[in-house]
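A.B. asks: dropping the sequence and predicted coords here.
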Amino acid sequence: MAIEENRAIEKSRAIEDGVRTVEEGVRTDFRAEMDYGGYLALDTLLSAQRPISDHHDEPLFIIQHQTTELWLKLSLHELRAVRAHLDADDVPRARKGLARVKHVFRTLTEQWSVLATLTPSEYAEFRGVLGHSSGFQSFQYRAVEFILGNKDERLLQVFRGRPVAQELLAELLDSPTVYDAFLRHLARAGHAVPQHVLDRDVRRAWVEDPALVPVHRAIYEDTAAHWPQYATCEDLVDLEDAVQLWRFRHLRTVQRTIGFATGTGGSSGVDFLKRALDLTFFPELYTVRSGIGA
Ligand code: HEM
Ligand SMILES: N[C@@H](CC(=O)c1ccccc1NC=O)C(=O)O
């Protein structure tokens, strides 16, 4: 039989009157067992969009934020695991986690294009209902910044009225960052990480330490000898790049939506967000690049 004829018969079995026939084995009775919506708690998830204006575009604004928060939740979960894998000197697993978080941030960066369809005029129609609420009060975003090294104890006061958020941030403030965990791993692997780096006060934001550059230089000068560590350095740079691109798209979206107006959270707006672009998680991994091939 000709292949085309065979295909036509198969197709006629699968489609009747333009409708796909549901195979016999497909389950349809979920009165007594777990189904899709039950597993995913969709009743809870889908009842959590509660616009406070009747403007058509407020659901977009809410869903854009909520999907971001879901991905931030996963990022934090993965970054905690990355830190634990580094503590256990399990580089392959740490690298897999870093790659996943990088892709989450790429997705989040891409997602800005959806919100960018919100015009200034549309946003202005419901901006007033937001009061002083702002993304600055996102505890999960702050948690991701903290675990990556951009710590700031003062920001905990923003969450005075939110004990769960404040506790989570306090715990991350007190614990080593992903970079701390990586540097401790390097020390155990025989790299000459200075003692003061290993003993640093982990509650403080990371500040570039020139004494660390030779450690990275040794890795980049003989990549074959240090391949897993070298690859992890590049994963960290990939991740920093991904977070920076998210910050940049946020800035550009803000600029096209509210121009140079002050933020609902009380900051100068675009100018304040611009300054975040100067914050770097792994500065030595950039400094070391200047000397490569020199
Ligand atoms: C039209 C959309 C948006 C505008 C106009 C906007 C504007 C702003 C402004 C002006 C700030 C500075 C703080 C302030 O004074 O309010 C800020 C901070 C922030 N926003 Fe947005 N934003 C928008 C969408 C989003 C979305 C979708 C997210 C995702 C969760 C987000 C997350 C954040 C975060 C995390 C900060 C703190 C950044 C930092 O500390 O550097 N924003 N935003
Ligand atoms: N800061 C924004 C308001 C805003 O975007 C926002 C308001 C409530 C909850 C999340 C928000 N997103 C990011 O800042 C503004 O100044 O228009």
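C.D. replies: Thanks, I have the structure now. Numbering: from 1, shown residues only. Ligands and ions are numbered 1, 2, ... in the order given.
A.B. asks: up against ligand 2, what does the protein have?
C.D. replies: 65, 127, 130, 133-135, 258, 263-265 (C-beta under 6 Å from any ligand atom). C-betas here are computed from N, CA, C, even on glycine.
A.B. asks: now, of these, which are buried?
C.D. replies: 127, 258, 263-264 (16 or more other C-beta atoms under 10 Å).
A.B. asks: can you give the distance of stretch 251-267 from its chain's centre?
C.D. replies: Remark: stretch 251-267 is offset 21 Å from the chain centroid, using C-alpha atoms, centre = their mean, to the nearest Å.
A.B. asks: repeat that for stretch 191-201.
C.D. replies: For stretch 191-201, the distance from its own C-alpha centre to the chain's C-alpha centre is 28 Å (C-alpha atoms, centre = their mean).
A.B. asks: contact partners for residue 202?
C.D. replies: By C-beta atoms under 8 Å, 6 or more residues apart in numbering, the contact set of residue 202 is 174-177, 180.
A.B. asks: tell me if the helix or strand residue 167 falls within is near ligand 1.
C.D. replies: Following DSSP states H and E, one finds residue 167 within helix 163-174. No. Between helix 163-174 and ligand 1, judged by C-beta under 6 Å from any ligand atom, nothing touches; the nearest distance is 13.0 Å.
A.B. asks: buried stuff in that helix?
C.D. replies: 165-166, 168-169, 172-173.
A.B. asks: in this structure residue 212 contacts residue 284, no?
C.D. replies: Yes. Counting by C-beta atoms under 8 Å, residue 212 touches residue 284, with 4.6 Å between them.
A.B. asks: if we ignore the residues flanking it in sequence, what's nearest the residue of the chain found nearest ligand 2?
C.D. replies: In the chain, the residue that lies nearest ligand 2 is residue 135 (2.8 Å; C-beta to the nearest ligand atom). Closest residue in space to residue 135, ignoring its immediate chain neighbours: residue 141 at 6.8 Å, by C-beta to C-beta, 6 or more residues apart in numbering.
A.B. asks: and the one you found, how many neighbours?
C.D. replies: Neighbours of residue 141 under the rule other C-beta atoms under 10 Å: 17.
A.B. asks: correct me, but it touches residue 73?
C.D. replies: No. Residue 141 is beyond contact range of residue 73, at 10.7 Å (criterion: C-beta under 8 Å).
A.B. asks: what is the most widely separated pair among the residues of the chain next to ligand 2?
C.D. replies: Pairwise distances across these (C-beta to C-beta) peak at 15.7 Å, for the pair 65 and 258.
A.B. asks: where does the chain dip in pLDDT?
C.D. replies: 1-13 (pLDDT under 70).
A.B. asks: related to what we said a few turns ago, restricted to strands, list the residues of the chain next to ligand 2.
C.D. replies: Secondary structure defined by DSSP state E assigns none of the residues of the chain next to ligand 2 to strands.
A.B. asks: distance of whichever residue of the stretch 51-200 of the chain sits closest to ligand 1 relative to residue 200?
C.D. replies: At 2.1 Å from ligand 1, residue 135 is the closest residue in the stretch 51-200 of the chain, using C-beta to the nearest ligand atom. Remark: distance between residue 135 and residue 200 (C-beta to C-beta, to the nearest Å) = 30 Å.
A.B. asks: and what of residue 155?
C.D. replies: Residue 155 is 20 Å from residue 200, by C-beta to C-beta.
A.B. asks: which SS state does the residue nearest to residue 135 fall under?
C.D. replies: helix (DSSP: H, G, I helix; E, B strand; the rest coil).
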